[in-house]
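Participant: Give me a model of this one.
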Amino acid sequence: MSTPTTGLGRLAAILTTESDEPVIHTPAQPGVSVETVAVVADVWQGEQIITLSFTSLTELLATQGYSPQEPTVVELLHGSALLPFQIPAERMPDFMQAVFIINRLLPVCSYGLDVEQGVCYLQCGLLTSPPDLPPEIAIDAVGHAVTAIQQYAPYLVAIAAGSTTLAQFRAHLKSRHILPPPLPIVTQEMPLP
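Facilitator: Below is the predicted model:
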């Protein structure tokens, strides 16, 4: 087997050999202008498959005619997973607060919202110099993202559906000793050191 020459090729090779999650690698080819790697992050109720899809933002920009002033020595891989539920407008304030709390618990990924569309997604990134992508970094980054989906998305579904309140969610996190403390509100300008 040849050594992958792209960051996504290396990511796919690492995940295929080092991870338990199913991986689908789609190399760029005629008709498919952008290379992708998809990881099955979770399966809900035995039928809804949540995929964490990676693309190279560096390559995507190149397909749009962007060329950097100097040759790039790094490649930015962006992963995202769209969660398969809608957030009703009346639930959005509590949902947003829950996302803010969860994001404070996530070291290498974050949840995001499209308020107008009423959807939630998870995103993460990897910066690499192809073909060098340390397996430990790839496994940790993807593992954190998959864990974030498996551990916290069910709470987000419940909050969006109204079956769990924000107060109940906070109480649950507090009972597990993982509720982050409130952020201080800064009302005056802080001097720089």
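Participant: Could you use CA atoms for every contact and neighbour count after this?
Facilitator: Will do.
Participant: and the lowest-mean-pLDDT helix or strand in the chain, what does it pack onto?
Facilitator: In the chain, no helix or strand scores lower on mean pLDDT, DSSP states H and E than helix 57-63, which sits at a mean of 77. Judged by 3 or more C-alpha pairs under 8 Å, 6 or more residues apart in numbering; DSSP states H and E, helix 57-63 is in contact with strand 75-82.
Participant: Can you list the neighbours in contact with the strand it packs on?
Facilitator: By C-alpha atoms under 8 Å, 6 or more residues apart in numbering, the residues outside strand 75-82 that reach it are 7-8, 50-58, 119-130.
Participant: Take those residues and keep only those in helices.
Facilitator: Taking DSSP state H, the ones among those that sit in helices are 7, 8, 57, 58.
Participant: any idea of the pLDDT on the residue nearest to the spatial centre of the chain?
Facilitator: For the chain, the residue sitting closest to the mean C-alpha position, by C-alpha atoms, centre = their mean, is residue 123 at 2.4 Å. Note on residue 123: pLDDT of 96.
Participant: what's the neighbour count on the closest residue to it other than its chain neighbours?
Facilitator: Sequence neighbours aside, residue 80 is the residue nearest to residue 123 in space, at 4.3 Å (criterion: C-alpha to C-alpha, 6 or more residues apart in numbering). Burial measure for residue 80: 21 neighbouring residues, criterion other C-alpha atoms under 10 Å.
Participant: distance of residue 80 from residue 132?
Facilitator: 22 Å (C-alpha to C-alpha, to the nearest Å).
Participant: Low-confidence stretches in the protein?
Facilitator: 1-3, 31-32, 68-72, 130-131, 190 (pLDDT under 70).
Participant: those strands in it, which residues are they?
Facilitator: 23-26, 36-44, 48-56, 75-82, 109-114, 119-128 (DSSP state E).
Participant: Can you add distance to residue 88 and give the ones you listed back as TSV?
Facilitator: Output for the strands of the chain, formatted as TSV (distance: least, C-alpha to C-alpha, whole Å):
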stretch	distance to residue 88
strand 23-26	32
strand 36-44	20
strand 48-56	20
strand 75-82	16
strand 109-114	12
strand 119-128	9
